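Let's see this in three dimensions:
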Amino acid sequence: MAAKDDARSTPPPLPEPLAVAVADSHTHLDMQSGTPAEGLAKAASVGVTTVVQVGCDVPGSRWAAELAARYEQVHAAVALHPNEAPRIFLGDADSWSGQQRLAGGQAALDEALAEIDRLAALPHVLAVGETGLDYFRTGPEGVEIQKESFRRHIEMAKRHGKALVIHDRDAHEDVIAVLLEEGAPERTVFHCYSGDAEMAKTCAEHGWYLSFAGPVTFKANQPLRDALLATPLDRILVETDAPFLTPHPYRGRPNAPYLIPVTVRSMAATLGLAEDELSTAIAANTARAFGY
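Residues are numbered from 1 along each chain as shown. Modelled structure (predicted):
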């Protein structure tokens, strides 16, 4: 058993470098092993020369903003994750988040959102997110709190002229409904897109970007590849969501930005495109989506 566990904790090997450099549109360097400098150098060595570091709570968002200020190739996104807002408001008695907290109520949520708003105004912070709805982790008691937080992040993104990064888990219809009710920012990105082909067409109609992660490479995920096929080439992004969602054939092992080429090559095969053609499109799309 120990040998198997050791294998799962071993980082996958470096893939062949991409000839055309791309960006990892969504990563969490603060949750990965090694230093950020090491992770960025490893990624750059295989043609992943830009990353978007995403915050999920106030401390993580501050860290993202500080990292982006320090490294030219890092852009920051700041937000309260959809699961974070209910934890602030209702408390986290079971300490699922690793931070056992008492219920803070509306005042605590307002205070946290005010800090995200302050960070979102910084020039090296290019996006507000990941925000949205997550019905997988949070129970019914947290839904309205999530929606309030989501609406306030949308307003923030529009006021500061930043991209909006969406987290959507088991909540497709409600996410789209809130975006349409509030009016989505001009640049809206669905991180780790998990909807079907019909939803991809709806997103395309509104000019939203869809970012695909490791799951698009999994054998059982043909519906997700169908969604990729339904997405206009000028709206496709790629991401790791590292350290999570490692692409096939390394599923279950630690993910990091340097594994982006594995996902890009799988996506190119699905789309019937040359690797360089897809990489060129992804690079242009990511720069357009985040405004850099």
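
so what pLDDT did the residue nearest to Asn83 when sequence neighbours are not counted get?
Distances taken as CB to CB, 6 or more residues apart in numbering put Arg137 closest to Asn83, at 4.9 Å, once the chain neighbours are dropped. Yep, even glycine has a C-beta here, placed from its N, CA and C like the rest. We note a pLDDT of 85 for Arg137 in this prediction.

hang on, Arg137 in a helix?
No - counting by DSSP: H, G, I helix; E, B strand; the rest coil, Arg137 is not part of a helix but coil.

Which residues does stretch 267-278 contact?
18-20, 212, 216, 225, 228-229, 233, 236, 238, 264-265 (CB atoms under 8 Å, 6 or more residues apart in numbering).

Now with 10 Å, please.
Contacts of stretch 267-278 from elsewhere in the structure, counted by CB atoms under 10 Å, 6 or more residues apart in numbering, are 16, 18-20, 22, 212, 216-217, 222, 224-226, 228-229, 231, 233, 236, 238, 247, 261, 264-265, 279-282.

How are the helices of the stretch 151-292 of the chain distributed by residue range?
With helices called from DSSP state H, counting those that start in this stretch, the stretch 151-292 of the chain shows them at 172-182, 197-205, 222-229, 260-271, 275-290.

Rebuild the ones you listed as CSV, extending it with mean neighbour count, mean pLDDT and distance to Gly47.
CSV is the format used below for the helices of the stretch 151-292 of the chain (neighbours: other CB atoms under 10 Å; pLDDT from 0 to 100; distance: least, CB to CB, whole Å):
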stretch, mean neighbour count, mean pLDDT, distance to Gly47
helix 172-182, 17, 98, 32
helix 197-205, 17, 98, 26
helix 222-229, 17, 98, 20
helix 260-271, 21, 98, 7
helix 275-290, 19, 98, 8
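
would you turn those helices into CSV with distance to Lys158?
Compiled in CSV, those are given as follows (distance: least, CB to CB, whole Å):
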stretch, distance to Lys158
helix 172-182, 8
helix 197-205, 18
helix 222-229, 27
helix 260-271, 29
helix 275-290, 15
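
of all those, which lies closest to Gln32?
For Gln32, the closest of the helices of the stretch 151-292 of the chain is helix 260-271, at 13.6 Å, according to CB to CB.

now the angle from that closest one to helix 222-229?
Interaxial angle of helix 260-271 relative to helix 222-229 (axes from the mean of the first three to the mean of the last three CA atoms, to 10 degrees): 80 degrees.

Where does pLDDT dip in the chain?
Residue ranges of the chain with pLDDT under 70: 1-6, 93-99.

The same query, at a cut-off of 90, please.
For the chain, applying pLDDT under 90 flags the ranges 1-9, 92-102, 104, 137-140.

all strands of it, in order?
Read by DSSP state E, the chain holds these strands, from start to end of the chain: 22-27, 48-54, 74-78, 125-134, 163-169, 188-190, 209-212, 236-238.

Dump those to TSV, plus distance to Asp196.
TSV is the format used below for the strands of the chain (distance: least, CB to CB, whole Å):
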stretch	distance to Asp196
strand 22-27	20
strand 48-54	24
strand 74-78	25
strand 125-134	17
strand 163-169	12
strand 188-190	12
strand 209-212	12
strand 236-238	16
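
Now those in CSV, please, with extra columns for mean neighbour count and distance to Asp117.
Conversion of these to CSV gives the following (neighbours: other CB atoms under 10 Å; distance: least, CB to CB, whole Å):
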stretch, mean neighbour count, distance to Asp117
strand 22-27, 28, 21
strand 48-54, 26, 17
strand 74-78, 28, 9
strand 125-134, 27, 9
strand 163-169, 26, 14
strand 188-190, 26, 18
strand 209-212, 26, 23
strand 236-238, 25, 25
